[in-house]
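>>> no FASTA, just this:
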């Protein structure tokens, strides 16, 4: 089952500023500089398509798949220790600050922040598949 990322309106605006400004700059550039300007637009589009869109989260039989652009992060459901709500602004595959922090081991790099649009449905499905129990607004492994 796949869940799309929630998108905060202000972040959507921020994400649109760079492509629109690049495109306007390329169109209004002097003719002898337009090729370079349009190359910048293509590079920006490649970054967005390679690292941002689509952004979604899949709960499979044995793993959680976090997809952001062409990249994927696979986390074994059996390794998930806890899930808790957060508004942590650190860089992560999430397009909203309404996030879930998923801990799947010891240490700073064994945590991922995601922002499923249907957070409650996501938590119910994850609890079922990963055999986690509800703990307030989050989940925990007993």
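Good, I have the coordinates. Computed from a predicted structure; not experimentally measured.
>>> Show the residue spans covered by the helices in the chain.
For the chain, the helices defined by DSSP state H occupy 9-28, 34-51, 119-130.
>>> so who does the nearest residue to residue 8 once chain neighbours are set aside touch?
With Cβ to Cβ, 6 or more residues apart in numbering as the criterion, residue 8 has its nearest non-adjacent residue at 4.5 Å, and that residue is residue 96. C-beta: built from backbone N, CA, C; applies to glycine. Counting by Cβ atoms under 8 Å, 6 or more residues apart in numbering, residue 96 makes contact with 5, 6, 7, 8, 11, 115.
>>> per-residue pLDDT, the fifth one?
In other words, residue 11. pLDDT, residue 11: 92.
>>> Compute the number of surrounding residues for the nearest residue to it once chain neighbours are set aside.
Nearest residue to residue 11, sequence neighbours excluded (Cβ to Cβ, 6+ apart): residue 95, at 5.7 Å. Applying other Cβ atoms under 10 Å, we find 22 residues neighbouring residue 95.
>>> now do the one 4 residues further on
Residue crowding around residue 99 was assessed by other Cβ under 10 Å; the count is 24.
>>> partners of it in the sheet?
Legend: beta-bridge partners of residue 99 under DSSP bridges are residue 86.
>>> isn't it right next to residue 111, touching?
No: contact criterion Cβ atoms under 8 Å: residue 99 and residue 111 do not qualify, at 11.1 Å.
>>> any idea of the pLDDT on the nearest residue to residue 142 once chain neighbours are set aside?
Nearest residue to residue 142, sequence neighbours excluded (Cβ to Cβ, 6+ apart): residue 133, at 5.8 Å. In this model, residue 133 is scored at 97, pLDDT.
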